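*Asks:* Got a sequence here, can you build the structure:
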Amino acid sequence: APAHQTPSAPSVSGGGAVCDECHQPLSGAVINAKGKQFHQHCFRCGGCGRVFGGGEVIYELEGKPHCATCKGSKSGSGAVGTHCSKCNKPITSAGVEALGTIFHPECFCCTRCQTPFTGSYVQYEGKPYCKKCADLQAELDAEKELGRCGGCGLPITFGKIVNVAGGNWHFACFKCTGCGKPFEREYFSYEDKPYCAACHPGH
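*Replies:* Prediction:
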């Protein structure tokens, strides 16, 4: 299943737990970063203490988020001097550390739509996706595995599934082909379609 990661600007969502920085209850807008949640005013650089702004590249160092300046000062050169994992060209300014490697900011983009990330991303099957594309990819993968519903023809991606009459069906779609009523106990298959006893063409 897709897992949220945050290489640059963090995602914002509603709260419910406690802030990982001040340990006070979360309410309103909440920052999600590296599996932790923060109040917006508590999500700050572990080096200089500055609150992070939108679209900013954030690095993890010693388990805490750091801005590019503090990351560079603590590690010598930060991301500079290494090579981008996508284009293999040298990184001469701040890079994005994600998925255990490093990218140019413009090279770190959605696997499907190729749009560069400006905030959080979703890791799905070890690759980065935007939320929309991750959901679409998960649906396509589920469709490959489960196929389309024998009743409505739409992809089967979740929920109760009935595997009968030559295929898979959404539970709610498994009804008599003739009268459209749900089956009480038994059904009869005719040309890979389910029928109740009254509607079965063989009767």
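*Asks:* Could you name the helices and strands sitting against the helix ranked longest in the chain?
*Replies:* The longest helix of the chain (DSSP state H) is helix 131-146. The elements that helix 131-146 packs onto, with contact taken as 3 or more CB pairs under 8 Å, 6 or more residues apart in numbering; DSSP states H and E, are strand 121-124. For every residue, glycine as well, the C-beta is placed using N, CA and C.
*Asks:* Now the strand it packs on: buried residues?
*Replies:* Under the neighbour-count criterion of 16 or more other CB atoms under 10 Å, strand 121-124 has 121-124 buried.
*Asks:* How about the contacts made by His39?
*Replies:* Taking CB atoms under 8 Å, 6 or more residues apart in numbering as the definition of contact, the neighbours of His39 are 19, 21-22, 24, 26, 30-31.
*Asks:* I'd assumed Gln40 was in contact with Ala29.
*Replies:* Yes. Using CB atoms under 8 Å as the test, Ala29 is close enough to Gln40 to be in contact (5.6 Å).
*Asks:* Those two: which is more packed in?
*Replies:* Neighbour count, other CB atoms under 10 Å: between Ala29 and Gln40, Gln40 has more, with 15 against 11.
*Asks:* Take the contacts of His39 and keep only those in strands.
*Replies:* Among the contacts of His39, the members falling in strands are 30-31 (criterion: DSSP state E).
*Asks:* Just the buried residues out of the contacts of His39, in ChimeraX syntax.
*Replies:* Selection command for ChimeraX covering only the buried members of these, criterion 16+ other CB under 10 Å:
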select :19,21,26,30,31
